[in-house]
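Q: Can you look at this prediction? I've put the sequence above it.
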Amino acid sequence: MQADRMTVEIVNAAGLGPGERAAWRDLRAADPRLASPYFDLRFIEIAAQIAPGAQLAVVREGDAVRGFLPFQKRGALLQPMAAPLSDFHGFIAAPNLSVSRLLPQLPGVRRARFGGLVGASGEDLEGLAPRQAMAADLSRGFEAYLVSRDARFLKDKRRRRRALERDHGALSFSFAPATRHDIAMIVERKRAQITRTHQYDVFACGWTVSLLERLVDCAAEDFGLRTATLQAGGRIVAAELGLISGGRYHLWFPIYDPAFARYSPGALMTLDTLETLAGLGVSRADFGVDADSYKRDFADPAETVFEGLIERRRGARGRPMRMMGAARLARRVDRIVACEPGLVGQLRGGGGFLTSLARRYPRLGAVLGLAFGLVGLAMMVD
């Protein structure tokens, strides 16, 4: 496709017409990489109502729809819609379309930042850092899945399961459509974990919790938020919110009771979840990208996704985010910018993050941390 034949229209996701909706379904069905729940139009419609600065670009060639790019704006920065909650994101489009070609036609956008860009190719690839999507293949059933896992890992978890039941009472597992009570409980415990581990609190901004609550309201048989819960003696020892779309499931927000850590309740719950999903006909469970080593106990590398910054300027190429000297720190700043649409909120979130960072790494120094943090925010949104 020639760039001068491409037109871009910014629309309200809820206002897509029948032809545009059919084009979305066809484009998604044509590329298995887009089967993630984050590319389900129902997720996009809800996120577009909740996420600050949410927009949807429709790309056309003549009268034909060629692609869609859901995004949110933070100043001159384009981020995936519903970031930082959308682990996978990208262009719902034919393979020959690229974000680089689209940027010049998006008013006020100078750069685009991605953390799990699916389906990148061509101009977008140069300089972007590859990451692996981690997934559990359930297409042949749960027993076949178990055969693919490390025998020592499974033996250890069977031992811990017996010990948990012996010490704390009968175990029970449930998997059901999420309720607002589930969200309140999991968010509360997740925030406590965030505080313990000196992370930025993605739930402090408010709209992220509202997004989860709206997903509860639109539950359908083949789409929506689900809650997995493991109890021992009637006490919740682990729980997780996940998102389902047809035959794909994304494990999203797990929590566990630290008092039961010796029993690995989170791992036991995950195995129960995967067994239940396989019984429901789900063929693949996504664990996000390969940032955490524990994921390799349950999942294997699937397709490659990409992280980095694509800039709008002549001769610009995508480049990995190296802000603050490390990708991990860059991701944390990225979360702050995504959650906080305004500069005041970004500075407040950045200040809290830098305070916790200084407590964890005293040698970093408050002055140096503040300088790097402000420069990082400016790089992202200016």
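A: Happy to help now that I have it.
Q: Beyond the helix or strand encompassing Ile186, next helix or strand please.
A: Take DSSP states H and E as the rule and Ile186 turns out to sit in helix 180-196. Per DSSP H and E, the first helix or strand lying C-terminal to helix 180-196 is helix 207-217.
Q: I'd say Leu154 and Ser148 touch.
A: No. In this structure, Leu154 is not within contact of Ser148 by C-beta atoms under 8 Å, at 10.6 Å. Quick note: C-beta positions are derived from backbone N, CA and C, even for glycine.
Q: Pick out whichever of the two has more residues nearby.
A: The residue with more neighbours, out of Leu154 and Ser148, is Leu154; 14 against 11, by other C-beta atoms under 10 Å.
Q: Apart from its neighbours in sequence, what residue is nearest that one?
A: Once flanking residues are discounted, Leu154 sits nearest to Leu146: 6.5 Å by C-beta to C-beta, 6 or more residues apart in numbering.
Q: Wait, that neighbour touches Lys155, no?
A: No. Counting by C-beta under 8 Å, Leu146 stays clear of Lys155, with 11.4 Å between them.
Q: out of those two, which sits in the busier spot?
A: Taking other C-beta under 10 Å, Leu146 and Lys155 do not tie; Leu146 has more neighbours (14 against 10).
Q: any idea what sits nearest Phe142, other than its immediate chain neighbours?
A: Leaving out its chain neighbours, the residue that sits closest to Phe142 by C-beta to C-beta, 6+ apart is Ala278, at 3.9 Å.
Q: Give me the phi and psi angles of the residue nearest the centre of the chain.
A: Ranked by distance to the mean C-alpha position of the chain (C-alpha atoms, centre = their mean), the top residue is Asp87 at 1.8 Å. The phi/psi pair for Asp87 (degrees, to the nearest 10) reads phi -60, psi -40.
Q: and it, what is it in contact with?
A: The contact partners of Asp87, by C-beta atoms under 8 Å, 6 or more residues apart in numbering, come to Tyr38, Gly115, Gly116, His250, Trp252, Asp286, Gly288, Val289.
Q: Look at it and report its pLDDT.
A: For Asp87, the model assigns a pLDDT of 95.
Q: do the same with Arg322
A: For Arg322, pLDDT reads 45.
Q: host element of the closest residue to Arg189 other than its chain neighbours?
A: Nearest residue to Arg189 in three dimensions, chain neighbours excluded: Ile255, at 4.2 Å (C-beta to C-beta, 6+ apart). Assessed by DSSP H and E, Ile255 sits inside strand 248-256.
Q: Can you tell me who Gly245 pairs with across the strands?
A: Not Gly; residue 245 is Ser. Phe223, Arg248 (DSSP bridges).
Q: Test my guess that Leu34 contacts Ile92.
A: Yes. Counting by C-beta under 8 Å, Ile92 is a contact partner of Leu34 at 6.1 Å.
Q: For Ile236, which residues count as its bridge partners?
A: When assigned by DSSP bridges, Ile236 has beta-bridge partners Gln231.
Q: dump the residue contacts of it.
A: Contact analysis of Ile236 by C-beta under 8 Å, 6+ apart lists Met185, Thr229, Leu230, Asp257.
Q: so what's Tyr256 up against?
A: Contacts for Tyr256 (C-beta under 8 Å, 6+ apart) come out as Val237, Ala238, Ala239, Pro265, Gly266, Met269.
Q: can you rerun that using 7 Å?
A: By C-beta atoms under 7 Å, 6 or more residues apart in numbering, Tyr256 lies in contact with Val237, Ala238, Pro265, Gly266.
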